[in-house]
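Novice: fold the following and give me the result.
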Amino acid sequence: MLQRIQKILSAAGVASRRKSEELILQGRVRVNGSVASIGQSADSEKDVITVDDAVVHAERKRYLLLYKPKGYVTTTADKFAERKVTDLVGIQEKVYPVGRLDADAEGLLVMTNDGEFANKLMHPRYEVEKTYVVKLRQKMWPEDAEMARRGIFVEGRKVAARIKLLQKDVAEVVVHEGRHKIVKRLFKAMGNYVLRITRTRIGTLGIGKLKPGMWRELSREEVGRLMTLREEAGKHARPYFHGNRVNKL
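Specialist: As a prediction, the model looks like this:
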């Protein structure tokens, strides 16, 4: 498949797209022995691409489902974090989490080295449905679940959720919204507090046999279903206001 050379270099982990463009402008990139140019495309599976005479090998795309334990952070930018989710995945390729889970939360997390896939999955317009089980400080009433179904304003924006009471202080929550700490903030807006939270489902992906710290590869069919869910969400996206712009949710 033909792709811009800077995209191929970025996907292979050589450099960011911007840095890759600089390498091309400096004449350090060649395709089949000829100096590459900005805007040129190549097929990473058929063409020989080199940077400073070193052959660039396209990195295998990996799609993983991890059960994140409590105490691990999903950010890869924190140099001082002792425990990162990337430490749990022992593979050759460098994969990164799609979205976030708080350090004190546990549950499912998709990880990949496919930046395009990750960006599409995280786009606010196409939020994939996520399911959580939460332990609450106070008893929750059926009226609270109905109020959440109709929608509650959280910091100026209405958030709707489907809530099923499992016990008097334990609930299953299904949301499309992807804002940071949105489940905790939703319950706080209702006058309750989340003591423990576990993400049990992302779209069609459930925990299955995974235990904290375990991971597995996603099948091609599972990756395809995630993207289909994203596209379906886009068809039914509803508008919301953000500043002076109208976006879709």
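Novice: give me the number of residues near residue 221?
Specialist: Number of residues near residue 221 (other C-beta atoms under 10 Å) recorded here: 9. Every C-beta, even on glycine, is put in place using the N, C-alpha and C of the backbone.
Novice: that one should be in a helix, yeah?
Specialist: Yes - applying DSSP: H, G, I helix; E, B strand; the rest coil, one finds residue 221 inside a helix.
Novice: from the centroid of the protein, which residue is nearest?
Specialist: Most central in the chain under C-alpha atoms, centre = their mean is residue 98, positioned 2.0 Å from the mean C-alpha point.
Novice: list the contacts of that residue.
Specialist: With C-beta atoms under 8 Å, 6 or more residues apart in numbering as the criterion, the residues that contact residue 98 are 109, 110, 111, 112, 117, 118, 121, 122.
Novice: and stretch 18-38, which residues are buried?
Specialist: 20, 21, 23, 24, 29, 30, 31, 36 (16 or more other C-beta atoms under 10 Å).
Novice: same question, stretch 130-146
Specialist: 130, 131, 132, 133, 134, 136, 140, 144, 145.
Novice: residue 226 versus the nearest residue to the second one once chain neighbours are set aside, what's the distance?
Specialist: Yep, that's residue 131 we're talking about. Spatial nearest neighbour of residue 131, excluding adjacent residues (C-beta to C-beta, 6 or more residues apart in numbering): residue 201 at 3.7 Å. If you measure residue 201 against residue 226 using C-beta to C-beta, to the nearest Å, the figure is 12 Å.
Novice: domain assignment for the chain?
Specialist: Residue ranges for the structural domains of the chain, counted by automatic domain parsing, are given in the record as 2-55, 63-233.
Novice: helices of this protein, residue ranges please.
Specialist: For the chain, the helices defined by DSSP state H cover 5-11, 17-25, 115-122, 142-150, 182-189, 220-235.
Novice: follow-up on the earlier one: just put the domains of the chain in a markdown table and tack on mean pLDDT.
Specialist: A markdown table is the format used below for the domains of the chain (pLDDT from 0 to 100):
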| stretch | mean pLDDT |
| --- | --- |
| domain 2-55 | 91 |
| domain 63-233 | 90 |
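Novice: who touches residue 103 in this structure?
Specialist: For residue 103, the contacting residues are 70, 71, 72, 73, taking C-beta under 8 Å, 6+ apart as the criterion.
Novice: give the contact list for the second one.
Specialist: Residue 71 makes contact with 83, 103, 104, according to C-beta under 8 Å, 6+ apart.
Novice: 6 Å instead?
Specialist: When contacts are counted by C-beta atoms under 6 Å, 6 or more residues apart in numbering, residue 71 touches residue 83.
Novice: cool, and the last one?
Specialist: With contact taken as C-beta under 6 Å, 6+ apart, residue 73 is in contact with 81, 84, 103.
Novice: beta partners of it?
Specialist: With DSSP bridges applied, the residues forming beta bridges to residue 73 are residue 84.
Novice: going forward, the N-terminal residue is numbered 45.
Specialist: In the new count, where the first residue is 45, that last one comes out as residue 117.
Novice: for it, give its distance to residue 149.
Specialist: Look at residue 117 and residue 149: by C-beta to C-beta, they are 10 Å apart.
Novice: distance from the chain centre to whichever strand in the chain runs longest, please.
Specialist: Secondary structure assigned by DSSP state E gives strand 238-246 as the longest strand of the chain. The gap between where strand 238-246 is centred and where its chain is centred comes out at 16 Å by C-alpha atoms, centre = their mean, to the nearest Å.
Novice: and that strand, which residues are buried?
Specialist: Neighbour-count burial for strand 238-246 flags 238, 241, 242, 243, 244, 245, 246 (criterion: 16+ other C-beta under 10 Å).
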